[in-house]
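In: no FASTA, just this:
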């Protein structure tokens, strides 16, 4: 069973479009995250939710909006996509905030 | 100064070599230290987890933490071609509202 699963794995879309990435974890964790990995492989935290409550919101454009319908799901919606949004987006979860985290396989977003 | 510094490499070694990967950090509040391994087009997977200073060994892998020097290391003995991956250090103060902070990753290539 996949612990942290996210869809889609690959996404190619045009500038200006709106897209969503979905994430689900079956580990029973209370905290979920979105990380962005740029072309130089640097992993940077974007958002963190604990029991559906937003606890970390790094300096991310307002075009990015996370939504957590329950503690097992954390989706990422991106409005008005720009070329610079092209990256790999990783969903992750942990038992508690700041603890070891478990990553999904990543969603490769390419904006053309 | 960035919170976590890691030499991106690339690092190329022959099979059987001992590999040393290192990170330095500036935040003295960090207490939890991890190493993740990331294969190409995959999500990072947890390799080693250490709390505070000291050593931890798991098979061919040894993690060392020196909090006084703000320096952590990962040693890989008898390196194998399957160890070829990007290795990311990560650390946390594990306080409410915090998340793991990652280094930029070191790309390792082990040739047979």
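Out: Received, thanks. Computed from a predicted model, the values in this text were never measured in an experiment.
In: just name the shakiest helix or strand of chain A by mean pLDDT.
Out: strand A:53-57 (a mean of 85; mean pLDDT, DSSP states H and E).
In: what strands flank it, and is each parallel or antiparallel?
Out: Each strand pairing with strand A:53-57, determined using DSSP bridges, is listed with its direction: strand A:43-50 (antiparallel).
In: remind me which residues of the chain are low pLDDT?
Out: Just so you know, I chose chain A. Of all residues in chain A, those with pLDDT under 70 make up the ranges A:1, A:97-98.
In: hmm, I had chain B in mind actually
Out: Along chain B, the model assigns pLDDT under 70 to residues B:1, B:95-97.
In: in it, which spans are strands?
Out: Secondary structure of chain B (DSSP state E): strands at B:4-6, B:11-14, B:19-25, B:32-38, B:45-51, B:54-58, B:61-66, B:71-76, B:85-92, B:101-102, B:106-111.
In: and the ones you listed: which comes nearest residue A:109?
Out: Across those, the minimum distance to residue A:109, taken as Cβ to Cβ, is reached by strand B:32-38, at 17.5 Å. (Glycine included, C-beta is placed from N, CA and C.)
In: residue A:14: which of the strands of chain B is closest?
Out: With Cβ to Cβ, the closest approach to residue A:14 among these belongs to strand B:32-38: 28.9 Å.
In: and the residue nearest to residue A:8 when sequence neighbours are not counted, what does it touch?
Out: Ranked by Cβ to Cβ, 6 or more residues apart in numbering or on different chains and with sequence neighbours excluded, the top spatial neighbour of residue A:8 is residue A:107, at 6.2 Å. Shown here is residue A:107, whose contacts under the criterion Cβ atoms under 8 Å, 6 or more residues apart in numbering or on different chains are A:6-11, A:21, A:88-91.
In: what's across from residue A:107 in the sheet?
Out: Bridge pairing for residue A:107 (DSSP bridges) gives the partners residue A:89.
In: same question, residue B:24
Out: When bridges are assigned using DSSP bridges, the partners listed for residue B:24 are residue B:5, residue B:71.
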